[in-house]
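A.B. asks: Got a predicted model here, sequence first, then my questions.
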Amino acid sequence: MEKSVLEKMVKVAADSMSHSNIARRKSIGAAVLGSSGRIYGGTCLISIPQDYCAERVALLKAVSEGEKRIEAVLVTWYGRAGKPGGPCGICLNALWQLSNNPDLEIIMFSLDTKKPVTNRIRDFYPHPYNQRIP
């Protein structure tokens, strides 16, 4: 991924964190890059009546605005975790089913360390529940 695209995605995800209904330092932000080149932001929303992760919020925005394929997902948070986790199972399943991209990049980005960790969706989700993508 080009550095300029990564920087734009980090900005969108970090800016989206301020819209969460939980404290900013505990929030998560996400940015989804569509095949059109547009970037969609999302943040976590808790207990309304269920929790929505930032990844799903951004993904649903992208799909609802006409994206047919998702190229990458970037997740931001504050923290110095040496090895970040990944999206939850519900988000992984939604990303698998709606991205139309078996090679989807998932980038974890701590706003404290500024070091991206990039994987593919298959690294997190080797045996998907729904085999929609051929």
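C.D. replies: Great, that's in hand. Keep in mind it's a predicted model, so treat the numbers as computed, not measured.
A.B. asks: pLDDT on stretch 32-41, on average?
C.D. replies: Per-region confidence: stretch 32-41 scores 98 on mean pLDDT.
A.B. asks: got the end-to-end distance for it?
C.D. replies: 7 Å (CA to CA, to the nearest Å).
A.B. asks: Name the surrounding residues that touch stretch 34-51.
C.D. replies: Applying CB atoms under 8 Å, 6 or more residues apart in numbering, the contact partners of stretch 34-51 are 8-9, 12-13, 15-22, 27-33, 52-62, 65-71. Using the backbone N, CA and C atoms, a C-beta is placed for each residue, glycine as well.
A.B. asks: Just the buried residues of it, please?
C.D. replies: Buried residues in stretch 34-51, defined by neighbour count with 16 or more other CB atoms under 10 Å: 34, 39-45.
A.B. asks: cool, stretch 108-121 as well?
C.D. replies: 108-110, 116-117, 121.
A.B. asks: Skipping adjacent residues, who's closest to Ile107 in space?
C.D. replies: Once flanking residues are discounted, Ile107 sits nearest to Leu74: 4.3 Å by CB to CB, 6 or more residues apart in numbering.
A.B. asks: Give me the residue ranges of this protein where confidence is low.
C.D. replies: Within the chain, the segments meeting pLDDT under 70 span 23-25, 80-84, 130-134.
A.B. asks: please redo it, this time with the cut-off set to 80
C.D. replies: Scanning the chain for pLDDT under 80 picks out 21-26, 47-50, 79-85, 127-134.
A.B. asks: Around the residue nearest to Ile107, count how many other residues there are.
C.D. replies: Close neighbours of Leu74, defined as other CB atoms under 10 Å, add up to 30.
A.B. asks: so it is in which element?
C.D. replies: Here Leu74, judged by DSSP states H and E, is contained in strand 70-77.
A.B. asks: how about that strand as CSV, C-alpha atoms only?
C.D. replies: The C-alpha trace of strand 70-77 is given here as CSV (Å, rounded to 0.1, in the frame of the first residue of the first chain):
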residue,chain,number,x,y,z
ILE,A,70,-13.0,-3.5,-0.2
GLU,A,71,-9.2,-3.3,-0.6
ALA,A,72,-8.1,-2.7,3.0
VAL,A,73,-9.2,-2.1,6.6
LEU,A,74,-7.1,-0.1,9.1
VAL,A,75,-7.8,-0.2,12.8
THR,A,76,-6.5,2.5,15.2
TRP,A,77,-6.3,2.6,19.0
